[in-house]
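Undergrad: Show me how the following folds:
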Amino acid sequence: MAMAMGRSSDAYVERARCGAVRAQWGTRRRGYALPRCEGVAVLVRVHGGTSQAMLRRHLAWAEEAREAERRLQAPVSVWLLADETFAGQSIQDRLRGIAGEVGAGLAGGAPQVFSYREAEMVQRFPALEAIRAALPDRPEVRDCFRLPGLKSLAWCFHVESLLLWWAREGAPKPKYLWVLEDDVGYSGHLGHFLSAYQHEPADLVSHALQPAEPTWVWYTAASKAFDDLVQRPRLRCAEHVQRLSSRLMEALQNFARSGVSGWSEMSVPTLCQLAGLSYCPLKPEQVGQIFTFNGKVPEEAWPSICQNERTRNRWWH
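TA: Here you go, the predicted model:
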């Protein structure tokens, strides 16, 4: 049941905890035209530190997505959004190597690859450079960008990397876009998950929506235009698995073109609210017991997780 939540993030979060299925934030703003969109795209954010095991999982998802098209009766594509800033070998070459190991090609159900580098993000969205210069000079912040390996701005400003993909020339745009971190696992068939949201119209589907308090370490990681536009309340949410509508992508694109950028855990839900678009949480029955930013699922436990009725068909991170 859709509910009008106004502009109070605290009220929204409290209502969501009480079982709200969907929230409607204010009135949709005018000023951006929607392209013709259809189908679903699944984007997996990968980088130089993405393991071979993860890439094998992504290849399997591409095949499962192709099978899901028949169930959804809509086109489904799988993309690897590849940050090549610190990659020693391109993601495309690594995929070819994996396909060669199993004697398969990369045609048909293989994921498509969109490669980019940090320099392209900064050139398109120059506000990012100013944000980087203003990040807190604290050990835990510095360590985030260098441990266990070097990370580009795409590690934390996902919106801008998504917008590079969204703006690619001559390509059809999906109506809905699932964005996955490279190290998440789904203990079931990807088509099963996609089907569960086939009739869900929310503009943002995500997990762990909550107020962003000024004491949060990344609260100030935003452009001046973001600060000027958004006072309080601000929101943040988990990004391991989330879905954005074409309407939200167009709104984010317009914000970014005006220099409105922020740490994406905060900027996506906050700007979604500001644009008057809608939200619903990930279904609780599809979230595993381990699903947090620092979670770890033992490799030896994964086969039983996928088979056990109580743990299968869930996301893990």
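Undergrad: Strands of the protein, start to end?
TA: According to DSSP state E, the chain carries its strands in the segments 2-4, 22-24, 40-47, 76-83, 112-116, 176-181, 185-186, 204-211, 235-245, 278-281, 315-316.
Undergrad: Might you report the residue contacts of residue 237?
TA: Taking C-beta atoms under 8 Å, 6 or more residues apart in numbering as the definition of contact, the neighbours of residue 237 are 206-210, 265, 268-269. C-beta coordinates here come from the backbone N, C-alpha and C atoms, glycine included.
Undergrad: what do you get if the cut-off is 10 Å, keeping everything else the same?
TA: With contact taken as C-beta atoms under 10 Å, 6 or more residues apart in numbering, residue 237 is in contact with 204-210, 212, 264-266, 268-270, 272, 279, 281-282.
Undergrad: Residue 67 against residue 190, yeah?
TA: Yes - counting by C-beta atoms under 10 Å, residue 67 does reach residue 190; the two are 8.6 Å apart.
Undergrad: Just tell me which of the strands of the chain ends up closest to residue 219.
TA: Nearest to residue 219 among these is strand 235-245; the distance by C-beta to C-beta comes to 8.7 Å.
Undergrad: what lines up beside the closest one in the sheet?
TA: Strand pairing for strand 235-245, using DSSP bridges, gives strand 176-181 (antiparallel), strand 204-211 (antiparallel).
Undergrad: Of all these, which one comes closest to residue 309?
TA: For those, the distance to residue 309 is smallest for strand 204-211, at 22.2 Å, taking C-beta to C-beta.
Undergrad: Using PDB, write down the CA coordinates of the closest one.
TA: What follows is strand 204-211, C-alpha atoms only, in PDB (Å, rounded to 0.1, in the frame of the first residue of the first chain):
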ATOM      1  CA  LEU A 204      14.100   3.000  -5.400                       C
ATOM      2  CA  VAL A 205      14.300  -0.500  -3.900                       C
ATOM      3  CA  SER A 206      17.000  -0.800  -1.200                       C
ATOM      4  CA  HIS A 207      17.900  -2.000   2.300                       C
ATOM      5  CA  ALA A 208      18.400  -0.500   5.700                       C
ATOM      6  CA  LEU A 209      17.100   3.000   5.000                       C
ATOM      7  CA  GLN A 210      17.900   5.300   7.900                       C
ATOM      8  CA  PRO A 211      18.600   8.900   8.700                       C
END
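Undergrad: Now do it, average pLDDT.
TA: In this model, strand 204-211 carries a mean pLDDT of 98.
Undergrad: Also stretch 37-56?
TA: The average pLDDT within stretch 37-56 is 94.
Undergrad: cool, and stretch 242-254?
TA: If you average the pLDDT values across stretch 242-254, you get 98.
Undergrad: That one: which residues count as buried?
TA: By neighbour count on 16 or more other C-beta atoms under 10 Å, the buried set for stretch 242-254 is 242-253.
Undergrad: looking at the strands paired with strand 235-245, which is buried most?
TA: Greatest average neighbour count among the strands paired with strand 235-245 goes to strand 176-181 (a mean of 23), per mean count of other C-beta atoms under 10 Å.
Undergrad: returning to what we had before: ok, the buried residues of stretch 242-254 vs residue 126, which is closest?
TA: When the buried residues of stretch 242-254 are ranked by distance to residue 126 (C-beta to C-beta), residue 253 comes first, at 15.4 Å.
Undergrad: Would you confirm that the closest one contacts residue 162?
TA: Yes - under the criterion of C-beta under 10 Å, residue 253 is in contact with residue 162, at a separation of 9.3 Å.
Undergrad: for the residue nearest to residue 176 when sequence neighbours are not counted, what are its contacts?
TA: Nearest in space to residue 176, with sequence neighbours left out and distances taken as C-beta to C-beta, 6 or more residues apart in numbering, is residue 40 at 5.1 Å. With contacts defined as C-beta under 10 Å, 6+ apart, residue 40 is in contact with 65, 68-69, 72, 74-78, 174-178, 194, 197-198, 243.
Undergrad: Among those residues, filter down to the buried ones and hand me the PyMOL syntax, if you would.
TA: Entered in PyMOL, the line below selects the buried ones among the contacts of residue 40, by 16+ other C-beta under 10 Å:
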select buried, resi 65+68+69+72+74+76+77+78+174+175+176+177+178+194+197+243
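Undergrad: now the chain, which segments are flagged as low pLDDT?
TA: Residues of the chain that meet the criterion pLDDT under 70 lie in 1-35, 102-109.
Undergrad: run the last query once more with 50
TA: 1-9, 11-12, 14-21, 25-31 (pLDDT under 50).
Undergrad: Which strand residues bridge the residue positioned nearest the centre of it?
TA: Closest to where the C-alpha atoms of the chain average out (C-alpha atoms, centre = their mean) is residue 179, at 3.4 Å. The bridge-partner assignment for residue 179, based on DSSP bridges, gives residue 43, residue 242.
Undergrad: Would you agree it is in contact with residue 240?
TA: Yes - with contact defined as C-beta under 10 Å, residue 179 and residue 240 form a contacting pair (9.5 Å).
Undergrad: Quick check: neighbours shared by these two?
TA: Shared contacts of residue 179 and residue 240, defined by C-beta under 10 Å, 6+ apart, comprise residue 206.
Undergrad: Noted, bye for now.
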